[in-house]
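# heads up, no residue letters with this:
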């Protein structure tokens, strides 16, 4: 049995060993599968393990590599995909009872991209039902039950990419794919202490992904470092004729090389991302230390403030209306009563009643927000702030009341489609991870990657992992 | 002010009826028939935990819940109805804030989100001497 450290190696290090034939993709896949079978149920991390598919893909990768056909840094690397991504012939449940028998006959574009670079899918990651749908009250809002945090199984992973967070944090796969409409990559990354990239809206095709709020849905990686996120992002980004929301070819594609120079990033330290009274003291201390790291090692760090406006209100209306439209058949059929969560069972009815005029007002407010953020980014390349004001919450917490603090950064970031990357920046006194996020202008995903990478060059938090026995 | 014989209506009653018309306009004819047989809305007393709403906003929230109950009430439990009423009240300040935010003629709706990415073509200069890593170095 290899040492536990193997399961927490960065994608970069795994790739180096695979490329030089020091590590067999088949062996690595089997090891991750064994570990996932052993520990996955402990954390409710998976919706489905796919050992047959994984070993077939791993054998194909190994054969190619042995023949000298190395496809790149994801070749032979095991990963998990959130269970809202279609994989031909496999169940794609969207985490929800009404869809537990759903089998789609095509692959999501993201899955095709990962197949093309030779990555190995070992399973579908558990998720919050319908990616949070219209809101949920408890962590248990999932077909698999509450996802448990590998740092403390009495705590939650956050959602909706709950399984993706648990899988990466517990070393059950080298990386996982998550999605975010509002908070679903950044929050699990923060609670689970992993690196998570929410790309610019439109850089990653959503074809084959469950549509919740089509003008806000995004797909991105959760991994061990910013650099790992960059390599995965490079594989999955790109224009897709099957997703009209993707950006044009020249704006959607992303290439990454670790040798690319780091710009003299102008960092804005956000002073109003969270209300001071909402910032947990256990979070405040590591965040203060992270701020010192930035001020010491980045060429320019100045205080910055988000513009004030009803960004969260606009986001909530856009999400609510688009979500109600996406699931109108489910609402009208009454099958939403089959959802697990008491809030998710009823809130759709309310959102279906918002008027078209209110929706259009929200879209106009979105445009104002985009302009205001664009003005802010005249003075800063990246903004930095705590990813969440609190650490991972207890499994039984009522989220409607316990996680109800204002989130203007999440609101404006998601209605404007801004890229963000959350990295681990320390721990509370109870050894729960604390996340720091970087946010950049739409399209400048490289800025958040460079900022996070530079932070990780000056710290070693991202190399910490929970002990799983 | 309204008089005793009801020949005129109070501003509050006018607003309530206007809200009901507005809500009914979004319903199908069949739903409308159902709604017309439902008990008339009244401005509900605000509980201590409810948001502080103007009379007009109270009526709007109430009409919204009545529309939901007219359409879906048969499938909802009493607890769910109460929960929806609370949620409808809680959503009203959000709508009020959104509507009050000034947007100009040039602020068009971002119908299908196209992020502003024009500035991507203006790269910043490379750092001439980036500060060295001090803790750990990446492989």
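Alright, I've got the coordinates. In this text, all values refer to a predicted model and were calculated from it rather than measured experimentally.

# give me the contact list for the top helix by length along chain B.
Across chain B, the longest stretch assigned as helix under DSSP state H is helix B:78-100. For helix B:78-100, contacts defined as Cβ atoms under 8 Å, 6 or more residues apart in numbering or on different chains pick out A:310, A:312-314, A:316-317, A:342-343, A:345-347, A:349-350, A:354, A:358, A:361-362, A:365, B:44, B:46, B:49-51, B:53-54, B:57-58, B:60-62, B:64-65, B:68-69, B:73, B:76. C-beta: built from backbone N, CA, C; applies to glycine.

# report the buried residues of that helix.
B:80-81, B:83-89, B:91-92, B:94-96, B:98 (16 or more other Cβ atoms under 10 Å in any protein chain shown).

# nearest to residue A:251 among the residues you listed?
Closest approach between the buried residues of helix B:78-100 and residue A:251, by Cβ to Cβ: residue B:98, at 29.6 Å.

# and for the closest one, nearest residue in space, chain neighbours not counted?
Excluding its sequence neighbours, the residue lying closest to residue B:98 (Cβ to Cβ, 6 or more residues apart in numbering or on different chains) is residue A:313, at 4.5 Å.

# just the buried members of the contacts of helix B:78-100?
Looks like these have A:310, A:312-314, A:316-317, A:342-343, A:345-347, A:349-350, A:354, A:358, A:361-362, A:365, B:50-51, B:53, B:57-58, B:60-62, B:64-65, B:68-69, B:73, B:76 buried, using 16+ other Cβ under 10 Å.

# other residues contacting the strand or helix carrying residue A:269?
Counting by DSSP states H and E, the element that carries residue A:269 is strand A:266-270. With contact meaning Cβ under 8 Å, 6+ apart, strand A:266-270 is reached by A:291, A:294-295, A:298-306, A:376, A:379-385, A:409, A:451, B:124.

# of these, grab the buried ones for ChimeraX.
The buried residues among the contacts of strand A:266-270 can be selected in ChimeraX (16+ other Cβ under 10 Å) with this line:
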select /A:291,294,298,299,301,304,306,376,380,381,382,383,384,385,409,451
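
# mind listing which of the contacts of strand A:266-270 are in strands?
A:300, A:301, A:302, A:303, A:304, A:382, A:383, A:384, A:385 (DSSP state E).

# my guess is residue A:255 contacts residue A:231, does it?
No - using Cβ atoms under 8 Å, residue A:255 is not in contact with residue A:231; the gap is 10.4 Å.

# more neighbours: those two, which one.
Remark: of residue A:255 and residue A:231, residue A:231 carries more neighbours, 25 against 10, as counted by other Cβ atoms under 10 Å in any protein chain shown.

# so who does the residue lying closest to that one once chain neighbours are set aside touch?
The shortest distance from residue A:231 to any non-neighbouring residue, by Cβ to Cβ, 6+ apart, is to residue A:73 (4.9 Å). By Cβ under 8 Å, 6+ apart, the residues touching residue A:73 are A:11, A:12, A:15, A:231.

# again, 10 Å this time
A:11-12, A:14-16, A:18-19, A:117-119, A:227-228, A:230-232, A:234-235, A:256, A:258 (Cβ atoms under 10 Å, 6 or more residues apart in numbering or on different chains).

# helix, strand or coil for it?
coil (DSSP: H, G, I helix; E, B strand; the rest coil).

# where does it land on pLDDT?
For residue A:73, the pLDDT comes out at 97.

# related to what we said a few turns ago, looking at the buried residues of helix B:78-100, which is nearest residue A:241?
Looking across the buried residues of helix B:78-100 and measuring by Cβ to Cβ, the closest to residue A:241 is residue B:98, at 34.4 Å.

# so where's chain A uncertain?
Scanning chain A for pLDDT under 70 picks out the ranges A:1-2.

# against residue A:405, how distant is the residue most central in space within it?
Nearest residue to the geometric centre of chain A (Cα atoms, centre = their mean): residue A:185, 2.5 Å. Counting by Cβ to Cβ, to the nearest Å, the gap from residue A:185 to residue A:405 is 19 Å.

# now the end-to-end length of stretch A:248-258.
With Cα to Cα, to the nearest Å as the measure, stretch A:248-258 spans 25 Å from end to end.

# filter the contacts of residue A:73 down to the buried ones.
Going by neighbour count (16+ other Cβ under 10 Å), the contacts of residue A:73 have A:11-12, A:14-15, A:18-19, A:117-119, A:227-228, A:230-232, A:234-235, A:256 buried.

# out of those residues, list just those in helices.
Using DSSP H, these in helices are A:11-12, A:14-15, A:18-19, A:227-228, A:230-232, A:234-235.

# ok, the residues you listed vs residue A:96, which is closest?
Using Cβ to Cβ, these come closest to residue A:96 at residue A:232, 26.1 Å.

# tell me how far the closest one lies from residue A:144.
Counting by Cβ to Cβ - residue A:232 and residue A:144 are separated by 24 Å.

# ok, now residue A:221?
Here the criterion is Cβ to Cβ. By it, residue A:221 lies 21 Å from residue A:144.

# and the two? which has more neighbours close in?
Counted by other Cβ under 10 Å, residue A:221 and residue A:144 do not tie: residue A:221 has more neighbours, with 31 against 24.

# give the bridge partners for that one, please.
Beta bridges link residue A:221 to residue A:177 when assigned by DSSP bridges.

# what sits against the residue nearest to residue B:98?
A:358, A:361-362, A:365, A:411, B:91, B:93-101 are the contacts of residue A:313 under Cβ under 10 Å, 6+ apart.

# how about a cut-off of 8 Å?
Counting by Cβ under 8 Å, 6+ apart, residue A:313 touches A:362, A:365, A:411, B:94, B:95, B:97, B:98.

# cool, and residue A:137?
A:341, A:342, A:343, A:344, A:398, A:399, A:400.

# try it again at 10 Å.
For residue A:137, counting by Cβ under 10 Å, 6+ apart, the contacting residues are A:340-345, A:347, A:397-402, B:83.

# ok, now which ones touch the nearest residue in space to it that is not next to it in sequence?
In this structure, residue A:137 finds its nearest non-sequential neighbour in residue A:343, 4.2 Å apart by Cβ to Cβ, 6+ apart. Contacts for residue A:343 (Cβ under 10 Å, 6+ apart) come out as A:132-138, A:141, A:398-400, B:83, B:87.

# tell me if I am right that residue A:343 is in a strand.
No - assigned with three-state DSSP, residue A:343 falls outside any strand and is coil.
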